[in-house]
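Participant: sequence unknown, structure follows:
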């Protein structure tokens, strides 16, 4: 199984005043991937973090044997790949909607020493991944519209996940992001997803470590 599989807590929902402590709790609970959502205020309406946050987390995450998974929700992501790789990213995903040069961006990710993924917005058909399926390690299926908080999980997402799994085959990780919690993760796993980004469901829980364990348990069926 790919090291990118499993529950991937998203630090976007963490308490940034206690970021190291928050990440330590989920790593101790068994999380092997820490997800970093990067938003530019253009591709999506929200601004979030940049390479310095990846730099700040890299020693802690890598020291625990875990991976840093960077999701670039930015216009022309190929311009930013090198900076995030240098900061310590292990994996970088770019949106097919964000650049006319998706294959170039994927090649840039690999050249920088990271594994590469593509992300699809809810309105983008699964078939958009077909042209780059042989160039990716992961496909990220957004299960809410990126950039707006508080949205419910899109109920039709499992069917799209099934189509993605059929398109990319067994060896590519299928990741889901948006509204993922103990109640929604089972349907995603049953449809073929094997990486589960969870933000508020983890860091908004009274016990983030227990939330990670419960999501993983539900994903395993």
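Facilitator: That came in fine, so what should we check first? Source: prediction; values computed, not measured. Numbers count the residues shown, from 1 in each chain.
Participant: What does the residue lying closest to residue 174 once chain neighbours are set aside show for phi and psi?
Facilitator: Take residue 174 and drop its neighbours on the chain: the residue closest to it by Cβ to Cβ, 6 or more residues apart in numbering is residue 193, 4.7 Å away. Quick note: C-beta positions are derived from backbone N, CA and C, even for glycine. Dihedral angles of residue 193 (phi, psi; degrees, to the nearest 10) stand at phi -70, psi 150.
Participant: dump the residue contacts of residue 193.
Facilitator: 141, 161, 165, 174-176 (Cβ atoms under 8 Å, 6 or more residues apart in numbering).
Participant: For burial, what's the neighbour tally of the residue lying closest to residue 58 once chain neighbours are set aside?
Facilitator: Nearest residue to residue 58, sequence neighbours excluded (Cβ to Cβ, 6+ apart): residue 88, at 2.9 Å. Using other Cβ atoms under 10 Å, the number of residues around residue 88 comes to 19.
Participant: Residue 88 contacts residue 60, doesn't it?
Facilitator: No: judged on Cβ atoms under 8 Å, residue 88 makes no contact with residue 60 at a distance of 10.2 Å.
Participant: Which pLDDT does the model give the spatially closest residue to residue 168 that is not a sequence neighbour?
Facilitator: Distances taken as Cβ to Cβ, 6+ apart put residue 133 closest to residue 168, at 5.1 Å, once the chain neighbours are dropped. In the predicted model, residue 133 carries a pLDDT score of 94.
Participant: gap between residue 133 and residue 142?
Facilitator: Between residue 133 and residue 142 the distance is 18 Å, computed by Cβ to Cβ, to the nearest Å.
Participant: okay, those two: which has more neighbours?
Facilitator: When residue 133 and residue 142 are compared for neighbours, residue 142 comes out ahead with 25 against 14, by other Cβ under 10 Å.
Participant: can you give me the helices in the protein?
Facilitator: 19-28, 51-63, 81-87, 102-111, 157-168, 185-191, 200-203, 208-220 (DSSP state H).
Participant: What count of nearby residues applies to residue 14?
Facilitator: With other Cβ under 10 Å as criterion, residue 14 counts 23.
Participant: what residues are up against it?
Facilitator: Contacts of residue 14 by Cβ under 8 Å, 6+ apart are 22-23, 203.
Participant: how does it look with 7 Å?
Facilitator: 22, 203 (Cβ atoms under 7 Å, 6 or more residues apart in numbering).
Participant: wait, doesn't residue 197 sit right on residue 8?
Facilitator: Yes: look at residue 197 against residue 8 with Cβ atoms under 7 Å: they come within range, at 4.8 Å.
Participant: Between these two, tell me which one has more neighbours.
Facilitator: Legend: neighbour count by other Cβ under 10 Å for residue 197 and residue 8, higher for residue 8 (30 against 24).
Participant: What residues does the more buried one make contact with?
Facilitator: Neighbour list for residue 8: 33-35, 69, 195-197 [criterion: Cβ under 7 Å, 6+ apart].
Participant: go with 10 Å
Facilitator: 26, 31-36, 66-67, 69, 71, 91, 175-177, 180, 195-199, 202, 212, 215 (Cβ atoms under 10 Å, 6 or more residues apart in numbering).
Participant: Great, nothing more from me.
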